[in-house]
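Asker: My questions are about this predicted structure, shown below with the sequence.
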Amino acid sequence: MILAGAMVTLRPLQREDVPALVRWANDPLIVDLMDGGYPDTEAECLAWLEQLESSRQEKHFAILSPDRKLIGDIELDHICWRRFEAELRICIGDPAYWGHGFGTDAVTTLSWYAFKHLHLHTIFLRVYRDNSRAIRCYQKVGFRSVGRLVRNVRGVDREVYLMLLTPADLAARRSISLALAG
Ligand SMILES: CC(C)(COP(=O)(O)OP(=O)(O)OC[C@H]1O[C@@H](n2cnc3c(N)ncnc32)[C@H](O)[C@@H]1OP(=O)(O)O)[C@@H](O)C(=O)NCCC(=O)NCCS
């Protein structure tokens, strides 16, 4: 399944993406921003990719820039088909691609797919309170903060926001963007 956003393209992850995924998983800057780890060796990453193919609880995509370069990955994880909900995670691995709207476009594109084609009712995510860029990106899509928790990460207490998106939140955000553009 290939999903076309306004700027980015989402396609299934492939074996040749593994070196980039492992590089990002070992980058201290990325590790500090992500709430939870990715496989950080090529062997682990390959094994993880293989199990993804048969998993009903995960949908994982590579994010391609407008010039078709691999710039990150995005997933729906912990899909619960009985409660129609899933957790979204995204990582644009190369900081040169931050702040150009690609994250907002990727999250919007995957959210439409989740609601329209997977028929989910809720997408949630967790984000560190100090990750202002990510929070702003999620707010632009329509996510709203519904709770918080404190997690001890390598000896430091960090605040985590829980954010939620419903089809109505996404549609409302889209109408605002269209109204502003038009
Ligand atoms: C978080 C992430 C997906 C966002 O994608 P992105 O393409 O950088 O985000 P966008 O350009 O779509 O939107 C970012 C918004 O934050 C704003 N922003 C950028 N830096 C900011 C900062 N330090 N503080 C507040 N806002 C900031 C931008 O101006 C933009 O808002 P605007 O369009 O109103 O001007 C991406 O930066 C990323 O993957 N970062 C590394 C990993 C990560 O943090 N993942 C999320 C873990 S929960």
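Answerer: That came through fine. Numbering: from 1, shown residues only.

Asker: What residues of stretch 162-177 count as buried?
Answerer: Using 16 or more other CB atoms under 10 Å as the test for burial, stretch 162-177 gives Met163, Leu164, Leu165, Thr166, Pro167, Asp169, Leu170, Arg173. Any C-beta I mention is one placed from the backbone N, CA and C, and that applies to glycine too.

Asker: same thing with stretch 145-162?
Answerer: Applying a neighbour-count criterion of 16+ other CB under 10 Å, one finds Arg158, Val160, Tyr161 buried in stretch 145-162.

Asker: again, but for stretch 88-107
Answerer: Result for stretch 88-107 [16+ other CB under 10 Å]: buried residues 88-94, 97, 102-107.

Asker: now stretch 121-139
Answerer: Thr122, Ile123, Phe124, Leu125, Arg126, Val127, Tyr128, Asn131, Ala134, Ile135, Cys137, Tyr138.

Asker: ok, the nearest residue to the first one once chain neighbours are set aside to Ser65 distance?
Answerer: Yep, that's Thr122 we're talking about. Take Thr122 and drop its neighbours on the chain: the residue closest to it by CB to CB, 6 or more residues apart in numbering is Glu85, 4.2 Å away. Glu85 sits 30 Å away from Ser65, going by CB to CB, to the nearest Å.

Asker: Tell me the residues of the protein that contact the ligand?
Answerer: 30, 33-35, 72, 90-92, 98-104, 127, 131-134, 136-137 (CB under 6 Å from any ligand atom).

Asker: just checking, Phe61 is part of a strand?
Answerer: Yes: per DSSP: H, G, I helix; E, B strand; the rest coil, Phe61 lies within a strand segment.

Asker: Enumerate every residue touching it.
Answerer: Leu3, Leu10, Arg11, Pro12, Leu13, Asp73, Ile74, Glu75, Leu110 (CB atoms under 8 Å, 6 or more residues apart in numbering).

Asker: go on, Ala106?
Answerer: Gly5, Val8, Leu10, Ile63, Gly72, Ile74, Ile90, Ile92.

Asker: Name the SS class of it, please.
Answerer: The three-state assignment at Ala106 reads helix, by three-state DSSP.

Asker: Pipe the buried residues of stretch 88-107 into a markdown table and attach secondary structure per row.
Answerer: Shown next, in a markdown table, are these (three-state DSSP):
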| residue | secondary structure |
| --- | --- |
| Leu88 | strand |
| Arg89 | strand |
| Ile90 | strand |
| Cys91 | strand |
| Ile92 | strand |
| Gly93 | coil |
| Asp94 | coil |
| Tyr97 | helix |
| Phe102 | helix |
| Gly103 | helix |
| Thr104 | helix |
| Asp105 | helix |
| Ala106 | helix |
| Val107 | helix |
